[in-house]
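>>> fold the following for me, if possible:
(2 chains)
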Amino acid sequence: MTHTAITDAVTVAPTGCAAMSAWLGIWTLTRREMVRFIRQRSRFVGALAQPIMFWVLFGAGLHGSFKAPDWATGEMSYQEYFFPGIAVLILMFTAIFSSISIIEDRHEGFLQGVLVSPLPRWGLVVGKLTGGTLLAILQATLFLLIGQVMAALNLAPTMSTTLGAVNGALMILFMALVAFGLTGLGFIMAWKLDSVQGFHAVMSVVLMPMWLLSGAFFPSGDSGFLAWVVRLNPLTYGVAGIRRLMYSGGGVLPVESVSSGLPALSLCLAATAVFTVLTLGGSILVSRQAVAQRSTRDSTRRK
Amino acid sequence: MAPNPAITVEDLSHHYGERAALDRVSCQIEAGSITGFLGPNGGGKTTLFSILSTLLPIQDGQVAAIGFDLRRQAGAYRQQIGVTFQTPALDRRLTVHENLIHQGHLYGLSGRSLSERIAELLTRFHVANRADDLVETLSGGLKRRVELAKCLLHDPQLLLLDEPSNGLDPGARHDLWQCLEELRGDRGTTIVVATHLMEEAERCDALSLLDAGQIVASGSPSELRGSIPGETISIVSDQPEELRRRIIEAVPVEVRRTGELLRIQQADCQGLLHDLVSRFSGEFKTISLGKATLEDVFLARTGHRLAGEES
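Numbers count the residues shown, from 1 in each chain, chains lettered A, B, ... in the order given. This is a model prediction of the structure:
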């Protein structure tokens, strides 16, 4: 090993270009999320196949008892109603599962390696969240396409969705915003949790109800206790936003329809943006706290 | 005191709730040396290590290292340190090469200079032929080498190693230490090792014995051993208390007991050894005579053994 080789290598990264280095670090963490995901094919199948099954089976099973909500101006099957809900379920599963990997990273020691590197904590958060978001929108977009194809092939009831290229791009951006917020929520929980089992507990108590009460699964009435829970649930605006964008070219849902329990697109955007900013801020805040470590806990346990 | 300290720790305390893991620790570490912190698990060395590696914040006290104040300049300090943990901090689903690429990016290295640096280190640690293998297919010893290559990528001034021999066979241990000694010699890297292994401690230039959150002794291994004069007879027995009582009745010596181990220290032990062997043969499992070891120093300073058995 020659002295010059090392000096060359190190002068590439003077501490002055901290911001540049941070973006390089963020990019590398994002890429790592993608590569890890691609190498675990079971995750891909789990995150996509299960929701498609839900969509087909629940759609067929609940079709008879479903009454279209007031805002629908035409015929609407349950499967059509459920379509954006499933897209959000995919966003949620993928986003949340990618943040669970924080727990795994910590157990394997990889996280500690990042924590002692010069990458600032916000860089760690943004890298992790971007990776999760990209995976989530990739799969949700795939589902939206598969759904349309299935409807076209008569494998699912016909849908009156009207999604052009421009609105499709808008849809992807909006889904990215939702996914970023959800990954942030997962990050906040995963940072403080000790085990993947603990995360599953939180998931069934917090995340599944959050999805069920977002208008994804059934339309909520206009009054009563449940209507308020739905109104206060940030995910409601994610589901409604995707629903509105799906019909942005017309269809069963008139563009100007604002009343009858379905929030306007502008409100959906604003509420989702606030949710995402809050979870991003929360993630950066918790990431500044010391992460629970196995070695430290071992020494604490032994008195 | 070190004439040219790389690290100065002053009155460092750290608490987990009520319990003090570090209790007003002060020490200096000489630049370009291999310095060890030797102590039982729970003695505070992992906490000290975590503070030096910036994983834990400083609660009370001051730490200055390689020209940085750890409270205020943690970011710039991190650029100059390499850290290995008890378990290798590698992503097992990625290849060796991918792990090193990510590490390089985290430290702001990229492009051709990064590739060259990776190739150079992999060759140096004899893992170049495994570059494209997934980390999960590597043995513990190989992982440790990759880990070391990883933390040397950015040519750190200070290397922090927590239990570096963890999971290594004797051959791999030997290689690791040879490599650390080379680094200190060729590059003048300051190396700090936290360990509970006597064998590892013996290879350090300077040692601090850490117990119950305090430094109980410091010096080079030979200085520390020299602080215990004379020789030591060690006896392992199934019924140590009974044997201890009988030895004291028979010969006028002080016998210390730690678990099943009895120890007698005095200037010249040879005559006594013969005496004990003929009188009590059959009542002990092993009996041995030796110069003081670091274990003896630890025992003398703390009253208990390194392995963690309380007396």
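
>>> secondary structure class for residue A:118?
coil (DSSP: H, G, I helix; E, B strand; the rest coil).

>>> does it touch residue B:106 like I think?
Yes: counting by CB atoms under 8 Å, residue B:106 is a contact partner of residue A:118 at 7.2 Å. Quick note: C-beta positions are derived from backbone N, CA and C, even for glycine.

>>> count of neighbours near residue A:129?
As a burial measure, residue A:129 scores 30 neighbours (other CB atoms under 10 Å in any protein chain shown).

>>> what segments of the stretch 101-250 of chain B are helices?
Applying DSSP state H, counting those that start in this stretch to the stretch 101-250 of chain B gives helices spanning B:111-124, B:140-152, B:170-187, B:198-202, B:221-226, B:240-250.

>>> relative to helix B:140-152, how tilted is the first one?
With axes from the mean of the first three to the mean of the last three CA atoms, to 10 degrees applied, the angle from helix B:111-124 to helix B:140-152 works out at 140 degrees.

>>> pick out the residue nearest the middle of chain A.
residue A:179 (2.8 Å; CA atoms, centre = their mean).

>>> could you find the closest non-adjacent residue to that one?
Counting by CB to CB, 6 or more residues apart in numbering or on different chains, the nearest residue to residue A:179 once its immediate chain neighbours are dropped is residue A:136, at 3.8 Å.

>>> please look at residue A:280 and residue A:182 and confirm they touch.
No: the pair residue A:280 / residue A:182 is not scored as a contact, 11.3 Å apart, by CB under 8 Å.

>>> re the thing from before, please report how far the residue nearest to residue A:179 lies from chain B.
Relative to chain B, residue A:136 is positioned 19 Å away (CB to the nearest CB, to the nearest Å).

>>> now do the residue nearest to the centre of chain A, the pLDDT please.
Reading off the confidence values, residue A:179 has pLDDT 95.

>>> from the chain's centroid, how far away is the helix or strand containing it?
Secondary structure assignment for residue A:179, by DSSP states H and E: helix A:165-192. Taking CA atoms, centre = their mean, to the nearest Å, the mean C-alpha location of helix A:165-192 is offset from the chain mean by 4 Å.

>>> what pLDDT, on average, does the helix or strand encompassing residue A:276 get?
Element membership of residue A:276 [criterion: DSSP H and E] is helix A:265-287. Taken as a whole, helix A:265-287 has a mean pLDDT of 94.

>>> can you list the low-confidence ranges for chain B?
For chain B, residues meeting the criterion pLDDT under 70 lie at B:1-3, B:307-311.

>>> 50 - rerun?
Applying pLDDT under 50 to chain B flags residues B:308-311.

>>> which residue is nearest the centroid of it?
Centre-nearest of chain B using CA atoms, centre = their mean is residue B:195, 2.2 Å out.

>>> ok, residue A:50 - contacts?
Listed by CB atoms under 8 Å, 6 or more residues apart in numbering or on different chains, the contact set of residue A:50 reads residue A:93.

>>> what secondary structure does it sit in?
At residue A:50, secondary structure determined by three-state DSSP is helix.

>>> same question, residue B:289
Recorded secondary structure, residue B:289: strand (three-state DSSP).

>>> which residue ranges of chain B form strands?
Along chain B, counting by DSSP state E, strands occupy B:5-16, B:19-30, B:34-38, B:60-65, B:68-69, B:81-84, B:158-162, B:190-195, B:206-211, B:214-219, B:231-236, B:256-258, B:261-266, B:286-291.

>>> turn these into a markdown table, including distance to chain A.
Output for the strands of chain B, formatted as a markdown table (distance: least, CB to the nearest CB, whole Å):
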| stretch | distance to chain A |
| --- | --- |
| strand B:5-16 | 5 |
| strand B:19-30 | 7 |
| strand B:34-38 | 13 |
| strand B:60-65 | 13 |
| strand B:68-69 | 11 |
| strand B:81-84 | 5 |
| strand B:158-162 | 7 |
| strand B:190-195 | 10 |
| strand B:206-211 | 11 |
| strand B:214-219 | 15 |
| strand B:231-236 | 24 |
| strand B:256-258 | 18 |
| strand B:261-266 | 21 |
| strand B:286-291 | 28 |
